[in-house]
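# Build me a model:
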Amino acid sequence: MSYQVLARKWRPRSFREMVGQAHVLKALINALDSQRLHHAYLFTGTRGVGKTTIARIIAKCLNCETGITSTPCGTCSVCKEIDEGRFVDLIEIDAASRTKVEDTRELLDNVQYAPSRGRFKVYLIDEVHMLSSHSFNALLKTLEEPPPYVKFILATTDPQKLPATILSRCLQFSLKNMTPERVVEHLTHVLGVENVPFEDDALWLLGRAADGSMRDAMSLTDQAIAFGEGKVMAADVRAMLGTLDHGQVFDVLTALLEGDARGVLEAVRHLAEQGPDWSGVLSEILNVLHRVAIAQALPEGVDNGHGDRERVLALAQALPAEDVQFYYQMGLIGRRDLPLAPDPRGGFEMVLLRMLAFRPADSEDAPRQPLKPVGISQATVDSRTAVADVTPVASAMQVAPVMAAPDPAFEAVVPAAAPVQAAAVKPEPVVTPEPKPEPVEEIDLPWNEPKAPVADKTPEAEPDVAADAEPLAEPVLETVSEQPDLTPMPTPAPASPVPDAPEAEASQPVEEPQATPAMLEAIPDSAYM
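From the prediction side, this is the model:
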């Protein structure tokens, strides 16, 4: 008899042998026990979590010779034929290889025939998302109202590609990924029954590498047994998977904690001997830092995914929480910028040296340095201090706006905008005179005439003065008559003797003759008639 791989040898044959997926099993068992059977089931989930296995168990539960039950006997001819994959009323279809609408129509043509041996005819369509749109449309009517003896079981790893019309016609169950703890527990049971020596660390490595798939975990275990010559050892599994020794990752973190640059570079040299992917090494460091942060926040929430839970807890106690967050952020940035480095190893070393250079404190007892203001360099702060120390300029040096001194004679005068009749009203005397403003030196212009000195006493307001007074805020402008006569500039002679236009003479003002008494007496009286 040929060798049968562990994934097929240990495939569950009943609901009791299933690993995980309790939320799905409970619903199916209750439906079978109460005879509340749906005509179409849809199982979704990643590869190797039990979609096809559950579909075959349902086929046995429906067609077992003992009747419809959630616990098939497994000994009758129907159960044995289903386990061996030769039951005539269980039609398994690979939708990835039969995507055409012609294949779907051929399948639907056989739906009308009753089952040959069993109680129900079960159609198991795997990877149903690979069907074409025409195939889905052809399947809609039969999937909605199949014959009473037909059951459809659909399985897919990508339910987003299914049309909503298909999803609405099925009872959908989503299968979850396997946790590393559950995978290790099952592998321990399998290897114990198979009498294969193993190490716990090796099983944890396999459980993490399976990435939630039990079938992948069983396949990797088969490979590890062959690689280790009948044994499953951690060193062999690590070499087989090409993963790093987590002890070296902890060595790097310990050197960072101690501020030992020599230790950091020595750890990098040991890592380089294995020729690793430096981006993958940074990912492993980030994973450890993530678990350390969880251990600091919730110690009982740390998993034992690599069998190093105690070392993670010890590192969580020795490393400050702010350092963990800082290292994690620096690692993310370094992993993003690693492709830009001229040398991957050099880029990895620069990430570690950056973590070492920007540590908040070199030791646990050392005082922390105050943080610099964000966005403000020391040069900017020094310049601000220097500017603050400079003696302010004296107020006498400031240029004040030159304003004409207001005449005290016009302080109590109504503004010019008021009506003229109001100017005749004598204003009330000022009880408290305002202080006289300081005289401002006026600019001596050549056309300004010297003004008469203003009397010191305040004269009484007169109606004529009040009527012609200007507002205090407006400066007094000199009229043209007050300005001195200026010698006109000589007009340059034209280049060519061109006579002046007649319009220029017409533009000069013409004096009209004035009528005299003698001229008026000479006018006859008939001119007024």
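# burial measure for the residue nearest to Ser279 when sequence neighbours are not counted, as a count.
Nearest non-adjacent residue to Ser279, counting by Cβ to Cβ, 6 or more residues apart in numbering: Leu338, 5.6 Å away. Yep, even glycine has a C-beta here, placed from its N, CA and C like the rest. Other residues within reach of Leu338, judged by other Cβ atoms under 10 Å, total 17.
# quick one: Leu338 from Gly263, how far?
As judged by Cβ to Cβ, to the nearest Å, Leu338 and Gly263 stand 22 Å apart.
# got a list of what the nearest residue to Lys60 once chain neighbours are set aside touches?
Spatial nearest neighbour of Lys60, chain neighbours left out: Pro72 (4.2 Å); criterion: Cβ to Cβ, 6+ apart. Contact partners of Pro72, counting by Cβ atoms under 8 Å, 6 or more residues apart in numbering, are Ser14, Ile57, Lys60, Cys61, Cys64, Thr66, Cys79.
# With Leu124 instead?
Thr52, Ala55, Arg56, Ala59, Leu90, Ile91, Glu92, Ile93, Ile153, Ala155.
# List the beta-bridge partners for it.
Glu92, Ile153 (DSSP bridges).
# so what does the helix or strand harbouring Lys80 touch, helix or strand wise?
In the assignment (DSSP states H and E), Lys80 maps to helix 77-84. Secondary-structure packing of helix 77-84 (3 or more Cβ pairs under 8 Å, 6 or more residues apart in numbering; DSSP states H and E): helix 51-63.
# Please repeat the previous calculation with a cut-off of 10 Å.
Applying 3 or more Cβ pairs under 10 Å, 6 or more residues apart in numbering; DSSP states H and E, one finds that helix 77-84 makes contact with helix 51-63, strand 90-94.
# residue ranges of the strands in the stretch 151-300 of the chain, please?
171-174 (DSSP state E, counting those that start in this stretch).
# ok so, going back, do you know which of the helices and strands packed on helix 77-84 lies nearest Arg238?
helix 51-63 (30.4 Å; Cβ to Cβ).
# Next, the angle from that closest one to helix 77-84.
Interaxial angle, helix 51-63 versus helix 77-84 (axes from the mean of the first three to the mean of the last three Cα atoms, to 10 degrees): 170 degrees.
# what's the angle between helix 51-63 and strand 90-94?
Going by the same axes, to 10 degrees, helix 51-63 makes 160 degrees with strand 90-94.
# Alpha carbons of helix 51-63, as PDB, please.
The C-alpha trace of helix 51-63 is given here as PDB (Å, rounded to 0.1, in the frame of the first residue of the first chain):
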ATOM      1  CA  LYS A  51     -14.600  23.700   3.500                       C
ATOM      2  CA  THR A  52     -14.500  20.500   1.300                       C
ATOM      3  CA  THR A  53     -14.300  18.300   4.400                       C
ATOM      4  CA  ILE A  54     -17.500  19.700   5.900                       C
ATOM      5  CA  ALA A  55     -19.200  19.300   2.600                       C
ATOM      6  CA  ARG A  56     -18.400  15.600   2.500                       C
ATOM      7  CA  ILE A  57     -19.500  15.100   6.100                       C
ATOM      8  CA  ILE A  58     -22.800  16.800   5.200                       C
ATOM      9  CA  ALA A  59     -23.200  14.400   2.300                       C
ATOM     10  CA  LYS A  60     -22.600  11.400   4.600                       C
ATOM     11  CA  CYS A  61     -25.100  12.800   7.200                       C
ATOM     12  CA  LEU A  62     -27.800  13.100   4.500                       C
ATOM     13  CA  ASN A  63     -27.300   9.700   2.900                       C
END
